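> Pasting the sequence and the predicted coordinates here, then a few questions.
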Amino acid sequence: MSGLSIDNISMRFDLPDGGHVQALKDVSLDLQAGELLSVLGPSGCGKTTLLNIVAGFLAPTEGQIVLNGHQVTGPDAERGMVFQQGALFEWMSVRDNVGFGPSMKGMPSKEKAEIVDHLLDVVGLQDFKEKAVYELSGGMQQRVSLARCLANDPDVILMDEPLGALDALTREKMQSLVLKLWKETGKTIILITHSVEEALLLGERLLVMAPRPGRIHKEYRLPFADLGVGQDLREVKKHPDFAVKREEILGMIWDMEEEIMGRSEDAA
Amino acid sequence: MIPFLVYIAIFVAAFYVVSYIAQKTAKRDYTSLKTVTFGDESAVRSNRAASFISIVTLFVIWGAFTGSKMLPGFMHAPGPFFGDTSFTYTAEANGQRDDAEVHFRVHRPDETPEPIEIDPGEGFAKNDSELVVAWRSKLLRVDRNDEISKSDGATVVAINGEPIAPGGSVAVNGGIVTLSDKGTPSFEPDSGLQMEPIWLPSPEGVVLRTVEIASTGFQGSTLWEHLGFSLYRVLLGFLCGALVGIPLGYAMGLSDWFRGWFDPIVEFMRPVPPLALIPLVIIWAGIGETGKIILLFLAALWIMAISARSGVSGVKISKVHAAYSLGASKWQIMRHVIIPNSLPEIFTGARVAMGVCWGTVVAAELVAAEKGAGKMIVAASKFQNTDIVIMGIILIGIIGFGIDVLMRYAEKILVPWKGKG
């Protein structure tokens, strides 16, 4: 059985003051191999927690994650991760960062060098191979992160707001790159984002989560990611459906935020 | 006081001179266009001219107030009186008075000249001749060769014709004559404003002494042996401290049992000045090499443990997560993520530890040692060899500074990613 199955995940933990937090409640979702899912929601809705559970950094209190027929119990090279920023190893060159996964596996250096060269070509950083990562701009660093993740050839790529710290122009270029890599490699991708536009553009499927307890609020299937492959993303944004969906989701998240505000005011 | 006022005067004068010259040759760089510089830290750059003048000023003042031969004579502060001088005293006995001359020859501390040949002269009071060292005073029993001495009732009533009573004083050529409470005159030659070599030797005196000590040695060891021993102790003590401290710090950063067990010990020992441990180390290990190495080991241990611990704690969790999801094992994470990530902190700790060790070894040698920089200066101070003491302090400072420069250089070469994460 190929694909990723998030099976009835709940997560609840105690606080030092005796209370408890229900971070996630009954989250279930099935992803086919090669699907791109974007996850959106107000802060505190548990989207990062969900990603960490899929990655294997956190254990759910109920439910299980099943990937390709086996249960996830911890981090593994089959599930690659791309972080927001600062997760590159600044003591290594660009090449060694990208080659980190293959090195850990003990891959012969010739084979590794081919993979690294190929991926640096794909992300357009061939000329920066020998540079230290801290000499690169933020956008370039995220390209290295993507290449590093792909070098390990994972089944699933988990992205935790990978473009969140980039400026608007760089962000748009990186969104195209993510779509291109997705189509070319056929990887299953889960992408967490704060930006409604980014979630719409990149998500073949889009999950809106609601807070307290963290749960799935609504799911969409969208055409924009497929449209965006090989097309200017600004053209995609002109699609009449795009604006409609954007307003709908923004309204949804606004309502949730107001509800949170209202609740905390009641509590006060 | 006067050297300090001169120093302030040079500080202010140099500021105006340099500012005036700088205005004439102003560069139009970005900072020069800032209108707000007071409070803008980035606009305050160290003035190279000020640094240069500052160092030169220190040496010039040092030279001027020690009569250095490296400075032209007109730059010297007024020196002490040297040479021959004389004054007359008037003795009174049994109602009669008689004058006699006293000749003084004022000489340098390291000279032993002959006294001035004199003729005893007429009358019951006879002429005297004496030697006196500059910066010292001499009590002169002028009546010792007189026909009527003090015990016979003779008293000194005037100096150079000026009446004087016990406790009073009269200025004479080249000095001042004071009559003691018991009526004996004492001559104190003018000391001027220069420092006596025994308090502060001239710069060239220190340099000459350095050359001498470097070739012939002091207290049975050459200068290089003294400095070499101190450096050897620092390096050995620091290495032992680092070899134990870094693994201890890693263990404290990676295991909560280790952290809990050693935290109270490390946090308690860290603020204890290593100097406070010297007496205990001497009791336990004696004054030999072992004691010194133990002391320096203890000085470096806590600093290295704390820096290694914070180096491990400082690793961003996203880096560790990234490494795990790239398939790294625990050992690989240690080798490729935790250790390189902690190296900048460890280097910072090593710099601090080397500084502390260098200070501690000198202090420990001051207390008790056979060889070493500290031993050298404390032994020299007991013989009033101020030049060796000053030379030792300067060399200790240069070596301490050199260690820090080397550590910073090593840091730049070995951990270029410091502060870039």
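Sure thing, it's come through. None of the values given here were measured: they were computed from a predicted structure. Numbers count the residues shown, from 1 in each chain, chains lettered A, B, ... in the order given.
> from here on, contacts and neighbour counts on C-alpha atoms
Fine.
> Go ahead and list the helix or strand containing the closest residue to residue A:237 other than its chain neighbours.
Closest residue to residue A:237 apart from its sequence neighbours, by Cα to Cα, 6 or more residues apart in numbering or on different chains: residue A:243 at 7.4 Å. If you go by DSSP states H and E, residue A:243 is part of helix A:240-267.
> List the buried residues in that helix.
Within helix A:240-267, the residues scored as buried using 16 or more other Cα atoms under 10 Å in any protein chain shown are A:242, A:245, A:246, A:249, A:250, A:252, A:253, A:256, A:257, A:260.
> Serialize those residues to CSV and add fields for pLDDT and distance to chain B.
Listed next are the buried residues of helix A:240-267 as CSV, based on pLDDT from 0 to 100; distance: Cα to the nearest Cα, whole Å:
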residue, pLDDT, distance to chain B
A:242, 86, 34
A:245, 88, 33
A:246, 89, 31
A:249, 89, 30
A:250, 90, 30
A:252, 88, 31
A:253, 87, 28
A:256, 84, 29
A:257, 82, 28
A:260, 77, 29
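> Show the pLDDT at residue A:140.
Note on residue A:140: pLDDT of 91.
> Show me the helices in the chain, by range?
Picked chain A for this. Secondary structure of chain A by DSSP state H: the helices cover A:47-55, A:94-98, A:100-105, A:109-123, A:138-151, A:168-185, A:196-202, A:224-228, A:233-237, A:240-267.
> should've been chain B
Going by DSSP H, chain B shows helices at B:2-24, B:48-64, B:203-216, B:223-254, B:256-269, B:278-285, B:289-313, B:317-325, B:330-333, B:339-367, B:373-382, B:386-414.
> mind checking pLDDT for the residue lying closest to residue B:270 once chain neighbours are set aside?
Spatially, and ignoring its direct neighbours in sequence, residue B:270 is nearest to residue B:302 (5.6 Å; Cα to Cα, 6+ apart). pLDDT, residue B:302: 95.
> List the residues that contact residue B:302.
Listed by Cα atoms under 8 Å, 6 or more residues apart in numbering or on different chains, the contact set of residue B:302 reads B:241, B:245, B:266, B:269, B:270.
> now it: how far from residue B:241?
8 Å (Cα to Cα, to the nearest Å).
> repeat for residue A:236
63 Å.
> if you count what's nearby, which of the two comes out ahead?
Neighbour count, other Cα atoms under 10 Å in any protein chain shown: between residue A:236 and residue B:241, residue B:241 has more, with 26 against 19.
> What is the burial count for the nearest residue to residue B:170 once chain neighbours are set aside?
Once flanking residues are discounted, residue B:170 sits nearest to residue B:177: 5.3 Å by Cα to Cα, 6+ apart. By other Cα under 10 Å, 24 other residues sit near residue B:177.
> list the contacts for the closest residue to residue B:308 other than its chain neighbours?
Leaving aside its chain neighbours, residue B:308 sits nearest to residue B:249 (4.7 Å; criterion: Cα to Cα, 6+ apart). Contact partners of residue B:249, counting by Cα under 8 Å, 6+ apart, are B:304, B:305, B:306, B:307, B:308, B:309, B:310.
> about what we covered before: buried deepest among the helices of chain B, which one?
helix B:289-313 (a mean of 25; mean count of other Cα atoms under 10 Å in any protein chain shown).
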